[in-house]
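Colleague: Below is the structure, and that's it, no one-letter string:
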């Protein structure tokens, strides 16, 4: 598995998927992207807090008709290094840039969900030249101005029993009817192999996110997606972000909870794909 090296020396594992168009977009790195389609750049997919690239496994193929997809394992997850030092959403964004640099990619489309949406905000803010199109899913601008989950949910997620915590998280992610038809395993419940300190570092990074003041500087056309029944990251955050980011629009998926991109992928996937193919 290829790795990129972040500015602080941390090795970040990344994965490639999709069809090689055979005419790569500025590729010069070890990942085999030489000669990508200049009209449809690769799509960088950013997962949620304390999750690795497997977050995207059920839906990755939805975006791979004629383009490459790129995922990564955040530091502290998967096959990436796990330094016990401060993590941040800005730092995760710089890790993503290290992956793009390793692949020799100047510009990509970016789709981040949950904490990945927070990381994607910083990627578009700090490196506008690297982001052609931006999709922010089930995310928020941060605690200072965003709508937060209830204290009841926070207490339930802090239950000392892992099985109880997982049951709460499944209910926040998916509708009961879908869970009854799809008994799992679910790829969005966190990287089980993460050390406890790394989980804590991820939690602090996500909770400390605050991009409110910088959001108006985002230049990339932006689609904001959210499930109407999401209480993990309340759906009111979608319009809040769309109003704050120039050239952004919000789309709500009726009846969906936090993992709308998985349960409702037959609706969400085409929405994302059409948006990203609507400009060039």
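Modeller: That came through fine. Please read all numbers here as calculations on a predicted model, not as lab measurements.
Colleague: CA atoms for contacts and neighbours, from now on please.
Modeller: Fine.
Colleague: And for the lowest-mean-pLDDT helix or strand in the chain, what's in contact with it?
Modeller: When the helices and strands of the chain are scored by mean pLDDT, DSSP states H and E, helix 151-157 comes last with a mean of 94. If you take C-alpha atoms under 8 Å, 6 or more residues apart in numbering as the criterion, helix 151-157 is touched by 165, 168, 169, 232.
Colleague: List the buried residues in that helix.
Modeller: Counting neighbours by 16 or more other C-alpha atoms under 10 Å, one finds that the buried residues in helix 151-157 are residue 157.
Colleague: what element comes up after it heading to the C-terminus?
Modeller: Sequence-wise, the next helix or strand downstream of helix 151-157 (DSSP states H and E) is helix 162-173.
Colleague: can you pull out the strands in the chain?
Modeller: Applying DSSP state E to the chain gives strands spanning 3-5, 11-18, 43-46, 68-72, 108-113, 131-137, 222-227, 248-253.
Colleague: Now render those strands as CSV, adding mean pLDDT, mean neighbour count and distance to residue 125.
Modeller: Converted to CSV, the strands of the chain look like this (pLDDT from 0 to 100; neighbours: other C-alpha atoms under 10 Å; distance: least, C-alpha to C-alpha, whole Å):
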stretch, mean pLDDT, mean neighbour count, distance to residue 125
strand 3-5, 98, 22, 21
strand 11-18, 97, 21, 21
strand 43-46, 98, 26, 16
strand 68-72, 98, 24, 20
strand 108-113, 98, 24, 12
strand 131-137, 98, 26, 9
strand 222-227, 98, 27, 12
strand 248-253, 98, 18, 14
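Colleague: Residue 266 is nearest to which of those?
Modeller: Residue 266 lies closest to strand 248-253 among the strands of the chain, at 11.2 Å (C-alpha to C-alpha).
Colleague: how distant is the closest one from the center of its chain?
Modeller: Put simply, strand 248-253 sits 16 Å off its chain's centre (C-alpha atoms, centre = their mean, to the nearest Å).
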